[in-house]
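Sharing a model that was predicted from the sequence below.
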Amino acid sequence: MRVHFISIGGSVMHQLAIALHRKGYRVTGTDDEIFEPAKSNLEKEGLLPLQIGWQSDMITNELDAVILGMHAKNDNPELIRAQELGLKIYSFPEYIYHESLQKKRVVVGGSHGKTTTTAMIMHVLKRLKLDFDYLVGARLEGFDQSVDITNAPVIICEGDEYPASAIERKPKFHFLFPHVAILTGIAWDHINVFPTFDFYLEQFVIFINKIEKGGLLIYNESDPVLKQLVESDLRKDIRYQPYGIPDHTIQNGTTTVTIEGVTGLLEVFGNHNLMNLFAAFYACKELGVTAAQFVPAIASFTGASKRLELFAANDTTRVYRDFAHAPSKVKASIEAVKQQYPNRKLIAILELHTYSSLNEQFMQEYKGAMDKADTGIVFYAKHALELKRMPDLPAEKVYAGFGKEGLLVMNDAHVLWEWLQQQSYANTNLLLMSSGNYDGLDMLTFAKQITL
């Protein structure tokens, strides 16, 4: 097989290129910019383009497939050449499906918890030494890639709602056609792509209709929107498995879970993680894994990168970092830390960084999201607004949206840094939630300093 990547430097594109190269395919690719770690990863595999820029002369009839990344635009010269030659052009998810036609496909969808749930399934299957391929949206301990394509009989995929490519604007998870599907919940997000809630909801209806006949839908029945959607009797030719929070106890900051009579200690915590874990169990059960196998295997799961990841700790203080930015994720992360350590003060700092979270019209969606924090801070950099070419976000709109008494709103990194330096962190947990970097603040060094 000869495969060419247009935008080989993308975070998942280069991972797929490496996976196919290791499978024995002849892989080429181009891009107009390639950053780390993609550059070093590609160079190590001998796949780094000899020159930066698009090279339409590399598009020939000898190619079996062209894979188009999100970074490439409609007028890309290589894309135009491939279209002229009538070559098979795939978006990333379309090609994953193409490579997985003979596999049992497990796809994890939903507005939140996708990465963690996918990671939990992968962790258990690996611990049990079962053979599988995967696609996941984060770096996971024990896996050197976020994508792997081999001849395994099963593939575990995180399926997100973002468009597949410049020429294929439908969501990625519409192209994966699962035999086993998980929906973790539905909370309106990505308003730059889905301007109304009804339009966003429709994407999940379509996803459910993509499940293979006779397949299984595992869904979070504690989510009222999802529960109503699924139980409106969309399809009669698939099976349904609802889940909620499994039986568990919390003692001295440690959670113990019980599934089908099997009990074990966990490294992760919080109701959202417990629900993710229950969904992962039902997916693994469909793959032949028993509770007696699953519970001991999941005990060593420590979480995906930036998903309630323990940054630093001592006997009286813990600092967590989390990718949370959507309202439902922020609420779940804050509640998880407070539930696990009810007698500690919780300082929660949220950086608004995404298009949705910086949009004044979206601010009302955050109502109540930070209520469980003892001290709540919302930070956003004017620089982020400028980069996204968005209008100024008035602090009073943030206050009104969150509706939390005593909320601190800051848009100057120096002010935030000074505030952090002045606090006492004894018997306190600090939760840092962001998909950005707090306008360049070195939070890792700070976390280590306050836990020495």
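Okay, I see it.

Tell me the spacing between the nearest residue to L352 once chain neighbours are set aside and G436.
Once flanking residues are discounted, L352 sits nearest to Y380: 4.0 Å by C-beta to C-beta, 6 or more residues apart in numbering. C-beta coordinates here come from the backbone N, C-alpha and C atoms, glycine included. Distance from Y380 to G436, counting by C-beta to C-beta, to the nearest Å: 9 Å.

G110 too?
Here the criterion is C-beta to C-beta. By it, G110 lies 23 Å from G436.

swap in D237?
44 Å.

Any buried residues in stretch 33-42, and which?
Along stretch 33-42, these residues count as buried under the neighbour rule (16 or more other C-beta atoms under 10 Å): I34, A38, K39, N41, L42.

Determine which two of those residues are furthest apart.
Farthest pair in the buried residues of stretch 33-42 (C-beta to C-beta) is I34 and N41. Separation: 9.9 Å.

Return every residue with contacts to both of the two.
Jointly contacting I34 and N41 under the rule C-beta atoms under 8 Å, 6 or more residues apart in numbering are H14.

Sketch out the low-pLDDT regions of this structure for me.
For the chain, the stretches flagged by pLDDT under 70 are 165-167, 190, 192.

just to revisit the earlier point, keep only those of the buried residues of stretch 33-42 that are in helices.
Counting by DSSP state H, the buried residues of stretch 33-42 place A38, K39, N41, L42 in helices.

Can you get me a residue count around the residue nearest to L266 when sequence neighbours are not counted?
Leaving aside its sequence neighbours, L266 sits nearest to T255 (C-beta to C-beta, 6+ apart; 4.7 Å). The number of residues packed near T255 is 21, by other C-beta atoms under 10 Å.

Quick check: T255 touching Y341?
No: between T255 and Y341 there is no contact under C-beta atoms under 8 Å: 11.7 Å.

for the stretch 151-300 of the chain, what spans make up the helices?
With DSSP state H, counting those that start in this stretch, the ranges of helices along the stretch 151-300 of the chain come out as 197-209, 224-230, 271-286, 291-298.

hey, which of those is tucked in deepest?
Counting by mean count of other C-beta atoms under 10 Å, helix 271-286 has the highest mean neighbour count of the helices of the stretch 151-300 of the chain, with a mean of 24.

Give me the angle between that helix and helix 291-298.
130 degrees (axes from the mean of the first three to the mean of the last three C-alpha atoms, to 10 degrees).

Could I get the CA-only coordinates of helix 271-286 as PDB?
Output of helix 271-286 as PDB, limited to C-alpha atoms (Å, rounded to 0.1, in the frame of the first residue of the first chain):
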ATOM      1  CA  ASN A 271     -18.600  10.400  40.100                       C
ATOM      2  CA  HIS A 272     -17.700  11.200  36.500                       C
ATOM      3  CA  ASN A 273     -14.700   8.800  36.600                       C
ATOM      4  CA  LEU A 274     -16.800   6.100  38.200                       C
ATOM      5  CA  MET A 275     -19.400   6.400  35.500                       C
ATOM      6  CA  ASN A 276     -16.600   6.300  32.800                       C
ATOM      7  CA  LEU A 277     -15.300   3.200  34.500                       C
ATOM      8  CA  PHE A 278     -18.800   1.600  34.500                       C
ATOM      9  CA  ALA A 279     -19.100   2.300  30.700                       C
ATOM     10  CA  ALA A 280     -15.700   0.900  30.100                       C
ATOM     11  CA  PHE A 281     -16.700  -2.300  32.000                       C
ATOM     12  CA  TYR A 282     -19.700  -2.900  29.800                       C
ATOM     13  CA  ALA A 283     -17.600  -2.400  26.700                       C
ATOM     14  CA  CYS A 284     -15.000  -4.800  27.900                       C
ATOM     15  CA  LYS A 285     -17.700  -7.300  28.900                       C
ATOM     16  CA  GLU A 286     -19.000  -7.200  25.300                       C
END
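
between G110 and G436, who's got more neighbours?
G110 (28 against 17).

Which positions in the helix or strand where E418 lies come out as buried?
Per DSSP states H and E, E418 falls inside helix 413-421. Neighbour-count burial for helix 413-421, counted by 16+ other C-beta under 10 Å, picks out A413, L416, W417, W419, L420.

and what of stretch 149-168?
Buried-residue list, stretch 149-168, by 16+ other C-beta under 10 Å: 149, 152, 154-161, 163-166, 168.

can you list contacts of the helix or strand T445 falls within?
Using DSSP H and E, T445 sits within helix 443-450. Contacting residues not belonging to helix 443-450 are listed as F311, A312, T317, V319, R321, L420, Y425, L430, L432, N437 [C-beta under 8 Å, 6+ apart].

repeat for stretch 221-230
Here stretch 221-230 has contacts from 110, 183-187, 201, 204-205, 208, 217, 219-220, 240, 242-245, 275, using C-beta under 8 Å, 6+ apart.

now stretch 69-85
Contact with stretch 69-85 is made by 4-10, 13, 30-31, 54-56, 58-61, 63, 66, 68, 89, 92, 162-167, as judged by C-beta under 8 Å, 6+ apart.

ok, 7 Å please
5-7, 10, 13, 30, 54, 56, 59, 61, 66, 68, 89, 92, 165-167 (C-beta atoms under 7 Å, 6 or more residues apart in numbering).

Type out the PyMOL command that picks the buried ones from the residues you listed.
Typed into PyMOL, the line below selects the buried ones among the contacts of stretch 69-85, using 16+ other C-beta under 10 Å:
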select buried, resi 5+6+7+10+13+30+54+59+66+68+89+92+165+166
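
Which ones among the contacts of stretch 69-85 map onto helices?
Judged by DSSP H, helices contain the following of the contacts of stretch 69-85: M13, F92.

for G376, helix, strand, or coil?
strand (DSSP: H, G, I helix; E, B strand; the rest coil).

Count the residues that sit near it.
24.

Let's verify the closest residue to it other than its chain neighbours: helix, strand, or coil?
Leaving aside its chain neighbours, G376 sits nearest to M370 (4.0 Å; criterion: C-beta to C-beta, 6+ apart). Classification of M370 using three-state DSSP returns coil.

Near M370, how many other residues are there?
Residues within reach of M370, counting by other C-beta under 10 Å, total 25.
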